[in-house]
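K.L.:
here is the input, now give the coordinates:
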Amino acid sequence: MPKNQIMKTLIELFETSVQKFPENPLLWEKLTDKYEPSTYKEVQQAVYQFGAGLMALGLKKGERAGLLSEGRNYWLISELSILYCGGINVPLSVRLEASELKFRIEHSGTKMMIISAGQASKLAEIMDQLPNLEKVILMDGNATPNSKEVNYDDVVKTGIEFLANEENKKSFEQTWQNIQPDDVVNISYTSGTTADPKGIMLTQYNYAINVIQAHSVLEIYPDYITLATLPWDHSFAHTACLYTFMMKGASVASIQNGKTPLETLRNVPMNIKEIKPAIMMSVPAISKNFRKNIEKGIQAKGATTEKLYIHALKVGYAYNGDGWNKGKGWRALLKPLVLLYDKIIFSKIRENFGGNLRFFIGGGALLDIELQRFFSAIGIPVYQGYGLTEASPIISANSPQAVKFGSSGKIVAHLEAKIVDSDNNELPKGQKGEIIVKGGNVMKGYWKNPKATSETIVDGWLHTGDMGYMSEDDFLYVMGRFKSLLIGNDGEKYSPEGIEEAIVDQSPIIEQAMLYNNQNPYTVGLFVPNIPEIKRQLEKHGIALNSEDGYQKALELIKQEVDQYKKGGRFENMFPERWLPASIAVLPEPFTEHNHMLNSTMKMVRGKITEHYSAEINFLYTPEAKNIVNQQNIAALHKSHK
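P.N.:
Below you'll find the predicted structure:
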């Protein structure tokens, strides 16, 4: 390929990397007691064999094959194999339930499914409702004879036999060598929070250009390795991890899969130490969890270590400033202290991340500025980015060369972006409006949904539905989804995410928070309490939670946390008071993926929450609810305590 020519397909990207880095490990997998590598050349051979097997089974150009599996070698090999046949991969989240899978398989017209043992029972539940599904390929074997099922290994054997025939081999090679930039790679389904999910069509060129765009803000070297902790079907992990690393000859390790999702999650700390990643992808939920575990470990070392750690953080925060001014001006005087604390405290924390971790790439949702300051202080910064699946997904990112805490970084290369008002007029820098983008990474459209496509892509511009603004020095600030905005009864709008994150991050007794205002006289809040922490605080005063006095005091404690943001409070003037909750409902259960109130990136599904708690929200606009100590909240506390 000529030096300055831009790659136009994922096939071209993969084949070029195999030529350049044949013996480099592409994938690392732990099936027994240690991680084993698979080189670029070995993965290529696996793709040819399985891809030829799929072709022999009848997968033709443009036909859809679904992929439902935890992150593992077979995931990437399967996707590439589908693409080499000219097929379209429908990547499905392991968090989906059988009914959700049914809609996606039917809507996409999926002909074949490739599935892991851990997910097979979901498909079995709905198989008799999917007459158009012709084949089910079981990654881990155990196919039922005389059924639609076939073992993965048998498909590979079929592929080897298929390629042994010269005509077949020629047909397979011609197919993958003639893949076009506009051919669809994926139909990726949205979370479908308010209606049926939409299938986002992303093409070969969408992915190829977005990988190049990612490299305009992120340097990756052939000796880099990452541990892919996010689901591989997730657009952020898909592009920023799998294909961005592939282009540079770098390596991707999967988490060791346990017998249950919880067991897999518990493997992460050990796998990090084994793999010693150079970079990792992170979403806010993961970042918060890492911080919680770090601070639990510090507290376990005793009061002296904790005091030292708190002071070290203060020094680190001061030295790093807002990212762009790190160590500049008077901050340079703090350098000796920063180096000392790094040696005695922070370097030891980093050892738990393998000792080689340079930074995290943050995506999936807005990251609280406090968390950005924290990770920079301990020497593993989170370079926050912004994107959405419809943009393949990367739109902007902070980087080691250009970082500003609180921002989503600079727009990637080969992409136009602007901020517009409701009439589509471009707004000047500093003014808030909708973020719209135009470039080769913008999706082809929504599968079988021309109406939604024409509403989202107007004159080539993708309307993101996100509110934001550009700073004078070209950093993008994302304020939140227009759909999630608080709307006052006078029509004024405000993004709730900052308030919600601050309340949760600063309060040990509030686990989750969602604010609501849909043209009402005031804003209300739905709060999930941290029961163990509330009990701990009450016990200090000799009060048991499961008593009348206990419930009253617990509710007063929750109200006090919100009052800290009002006049006279510790965080006075942090947010306009009119958008702080005037009444609060305490909820009896947390928002989780299981109850569909969190999506796969741990973001709140506001539509579902609002619908489920509509009675509580209606009650919050009554005079009785103005007093947090009310029967509804007492009943919720009693239920969550039980």
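K.L.:
give me every residue that touches residue 372.
P.N.:
Each residue near residue 372 by Cβ atoms under 8 Å, 6 or more residues apart in numbering is listed here: 323, 362, 381-382, 384, 405-406. Where you see a C-beta, it was placed from the backbone N, CA and C, and this is true even at glycine.
K.L.:
Three-state assignment for it, please.
P.N.:
The local conformation at residue 372, judged by DSSP: H, G, I helix; E, B strand; the rest coil, is helix.
K.L.:
against residue 512, how distant is residue 635?
P.N.:
Residue 635 sits 19 Å away from residue 512, going by Cβ to Cβ, to the nearest Å.
K.L.:
and the residue lying closest to residue 602 once chain neighbours are set aside, how far from residue 377?
P.N.:
Nearest residue to residue 602 in three dimensions, chain neighbours excluded: residue 285, at 3.5 Å (Cβ to Cβ, 6 or more residues apart in numbering). According to Cβ to Cβ, residue 285 stands 20 Å off from residue 377.
K.L.:
do residue 415 as well
P.N.:
Where residue 377 is concerned, residue 415 sits at a distance of 32 Å (Cβ to Cβ).
K.L.:
sorry, back to before: next, give me the two most distant ones among the contacts of residue 372.
P.N.:
Spatial extent of the contacts of residue 372 (Cβ to Cβ) is set by the pair 381 and 406 at 13.4 Å.
K.L.:
middle-most residue in this structure, spatially?
P.N.:
Closest to where the C-alpha atoms of the chain average out (Cα atoms, centre = their mean) is residue 364, at 3.5 Å.
K.L.:
so that one makes contact with residue 603?
P.N.:
Yes - under the criterion of Cβ atoms under 8 Å, residue 364 makes contact with residue 603 at 7.3 Å.
K.L.:
and stretch 499-516, how far apart are its ends?
P.N.:
12 Å (Cα to Cα, to the nearest Å).
K.L.:
where does the chain have low pLDDT?
P.N.:
Applying pLDDT under 70 to the chain flags the ranges 1-5, 191-196, 601, 642.
K.L.:
show me how it divides into domains.
P.N.:
10-202, 278-483, 485-641 (automatic domain parsing).
K.L.:
looking at those, which is nearest to residue 235?
P.N.:
Of all the domains of the chain, domain 278-483 comes closest under Cβ to Cβ, at 4.2 Å.
K.L.:
out of the domains of the chain, which is closest to residue 271?
P.N.:
Taking Cβ to Cβ, domain 10-202 is the member of those nearest to residue 271, at 7.0 Å.
K.L.:
contacts only, for the nearest residue to residue 456 once chain neighbours are set aside.
P.N.:
Distances taken as Cβ to Cβ, 6+ apart place residue 463 nearest to residue 456, at 5.7 Å, with adjacent residues excluded. Residue 463 sits next to 434, 436, 455-457 when contact means Cβ under 8 Å, 6+ apart.
K.L.:
any chance of these in a markdown table, plus neighbour count, distance to residue 171 and secondary structure?
P.N.:
Shown next, in a markdown table, are those (neighbours: other Cβ atoms under 10 Å; distance: Cβ to Cβ, whole Å; DSSP: H, G, I helix; E, B strand; the rest coil):
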| residue | neighbour count | distance to residue 171 | secondary structure |
| --- | --- | --- | --- |
| 434 | 18 | 47 | strand |
| 436 | 23 | 43 | strand |
| 455 | 11 | 41 | helix |
| 456 | 20 | 38 | helix |
| 457 | 19 | 36 | strand |
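K.L.:
for residue 165, state which of these is nearest.
P.N.:
Nearest to residue 165 among the contacts of residue 463: residue 457, at 43.9 Å, using Cβ to Cβ.
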